[in-house]
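*Asks:* with the input below, show me the fold.
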Amino acid sequence: MNKITLFFLFFFSFTIIFAQKNSFKKPNTLMPNSIENSSNLQELHRAFLPNKNKITKKNILTTGTVVDSAIMIGNDNDIGEDTTKYIYKYNSNGKIILLINQKLSNNEWINFSQLIYNYDDYWKNEAWVNHYKEILEYDNRNNLTLKISQYWANEIWVNQSKEISEYDDRNNLTLEISQYWANETWVNQNKEISEYDDRNNLTLEISQYWADEAWVNHRKWISEYDDRNNLTLYIYQNWAEEAWVNYRKWISEYDDRNNLTLYIYQNWAEEAWVNQSKEISEYDDRNNLTLKISQNWANETWVKSAKDTYAYDDRNNLTLYIYQYWKNEAWVNSAKKTYAYDDRNNLTLEIYQDWTDEEWVNNNEKKYKYDSNSNITDFFSDNYYIHTEFQDVFDNAYFFEGNEGYIYYKTITDIKEEKALVTEFMLKQNYPNPFNPSTTINYTISAASAIVKSNRVTLKIYDVLGRKIKTLVNKIQNPGNYSIKFNAANLPSGIYYYKLTTGSFSETKKMILLK
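*Replies:* Here you go, the predicted model:
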């Protein structure tokens, strides 16, 4: 058995200093008519597009390039009180140390707030102070079997949580037990049991919780796959009255290129599976989604509901999207989006139109400009806010929104090239997001994992209630960059979370499934 103890003596802090009493409002990444605020499916279709729906450019800036400043204009592009300027300052390591927020008033920039970042070690009263500790144990195949978390209080290490893991002879995670520390003893909390087929596909998951000194069944997920490892059946059951009771079922079919062509969602009612919704999809010879027809189950038959049509250029960029709904036995136009790109595949133009009085009527136009490195520099929108987010190689994240925006860049020349090497763990935002039905998750495993033998990597999906939906990765991985595709064809629309864990590193991000 291998045992490793990790001490964390660092602490990240920041200070917000206000020039006024108003709260500092950081630019966010919510889209217009976001899921939380949308009132109907048509608005959701207008706000987001499945698959190749990159509305704004999200990228990683070139080596040494950071944002110098940015100007965001709101309120229908009127330069005035809703115009904001952001000014960034960096340390020699390329990290943001100061973000100044200014407002335009009487044609002058007035300081509004500033955000100060401190990247110091945890230093208090001229001495190093213990902060957090993890104790890790591994089996002889480098599988993480025990993880104990502790925090420093009253000059001693205090237990906080414990995770116990077991694996089969193919290194698949088969058992997870979580415990918390209370009254000087470990108390069981949750347990998950997993089974796999001979191709390492997860076929069974059982979730249990601890109550009255015993493990109690809670939820069960049953999965089946075709001979190409595509998920074809997914059944969700709840434990009730000492028995497993069916709750939901998803059925999927694929073409010979593994594209999802049929998706059926059912509920369990009166001791039988009852159809709820169905989606039929078609693809071109380059595997681009070209047609999706949605249907609902009513009066014992499938009734058409909505149709999404997509077109692409020869570089697989989405150029046209049309949304239609079914009414009086015919498809009725509702909304259309047209896209244009430059020769580097950057989105430069987006036109949104409504179907009014039997013709397409312009509703909004968005324009984008980029520099020679494909970094977005200008954007403009007639009516709706544009939201853009990206990061640089120093792990600084930027978020901007407005009807009109201008972003200016600079190069930090005294940064050594080594800063761009893989020296840290990183979980990136999935793309596309929102997505339907699949999305890609990229992450980086640090070289440090090989040193401490903590390169057992797990990537798991959770729903908004914290229930585990799927385990995408559970294996030993060498340091480097990785990419994995998550297919949510059998899941309902909503907010999901994906969590990357390896050794002492753990990070969670949010993604949106929109059907």
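
*Asks:* where in this structure is pLDDT low?
*Replies:* 1-60, 62-63, 75-81, 118-129, 413-424, 446-455, 503-504 (pLDDT under 70).

*Asks:* quick check: can you list the domain ranges of it?
*Replies:* Domain assignment of the chain by automatic domain parsing yields the ranges 137-254, 422-515.

*Asks:* quick one: closest of these to residue 325.
*Replies:* Closest to residue 325 of those is domain 422-515 (CB to CB; 14.9 Å). Heads up, the C-betas are built off the backbone N, CA and C, glycines and all.

*Asks:* rewinding a little: ranking the domains of the chain by burial, who's on top?
*Replies:* Looking across the domains of the chain with neighbours counted as mean count of other CB atoms under 10 Å, the highest average goes to domain 422-515: a mean of 18.

*Asks:* next one: that one to chain centre, how far?
*Replies:* 8 Å (CA atoms, centre = their mean, to the nearest Å).

*Asks:* mind checking the domains of the chain for the one nearest to residue 94?
*Replies:* Ranking the domains of the chain by distance to residue 94, with CB to CB as the measure, places domain 422-515 first at 12.5 Å.

*Asks:* direction included, what does the helix or strand where residue 474 lies pair up with?
*Replies:* Per DSSP states H and E: residue 474 is located in strand 468-476. Partners of strand 468-476 in the sheet, by DSSP bridges, are strand 456-463 (antiparallel).

*Asks:* alpha carbons only: can I get the partner strand in PDB?
*Replies:* The C-alpha trace of strand 456-463 is given here as PDB (Å, rounded to 0.1, in the frame of the first residue of the first chain):
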ATOM      1  CA  ARG A 456      -5.800   8.100 -10.900                       C
ATOM      2  CA  VAL A 457      -8.300  10.400 -12.700                       C
ATOM      3  CA  THR A 458     -12.000  10.400 -12.300                       C
ATOM      4  CA  LEU A 459     -14.400  12.600 -14.300                       C
ATOM      5  CA  LYS A 460     -18.000  12.300 -13.200                       C
ATOM      6  CA  ILE A 461     -21.300  13.900 -14.200                       C
ATOM      7  CA  TYR A 462     -23.900  15.100 -11.600                       C
ATOM      8  CA  ASP A 463     -27.400  16.500 -11.900                       C
END
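
*Asks:* what is the helix or strand hosting residue 339 packed up against?
*Replies:* Here residue 339 sits within strand 330-341, counting by DSSP H and E. Secondary-structure packing of strand 330-341 (3 or more CB pairs under 8 Å, 6 or more residues apart in numbering; DSSP states H and E): helix 41-47, strand 318-327, strand 347-356.

*Asks:* give the buried residues for it.
*Replies:* Within strand 330-341, the residues that count as buried by 16 or more other CB atoms under 10 Å are 333, 334, 335, 336, 337, 338, 339, 341.

*Asks:* the residue nearest to the fifth one when sequence neighbours are not counted: neighbour count?
*Replies:* The shortest distance from residue 337 to any non-neighbouring residue, by CB to CB, 6 or more residues apart in numbering, is to residue 321 (4.5 Å). One way to gauge burial is a neighbour count; for residue 321, by other CB atoms under 10 Å, it gives 21.

*Asks:* hang on, isn't residue 321 packed against residue 312?
*Replies:* No - judged on CB atoms under 8 Å, residue 321 makes no contact with residue 312 at a distance of 10.3 Å.

*Asks:* now render the domains of the chain as TSV, adding distance to residue 69.
*Replies:* Shown next, in TSV, are those (distance: least, CB to CB, whole Å):
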stretch	distance to residue 69
domain 137-254	39
domain 422-515	24
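
*Asks:* out of those, which is closest to residue 104?
*Replies:* domain 422-515 (30.7 Å).

*Asks:* show me where the stretch 301-450 of the chain has helices.
*Replies:* Here the stretch 301-450 of the chain has its helices, by DSSP state H, counting those that start in this stretch, at 448-452.
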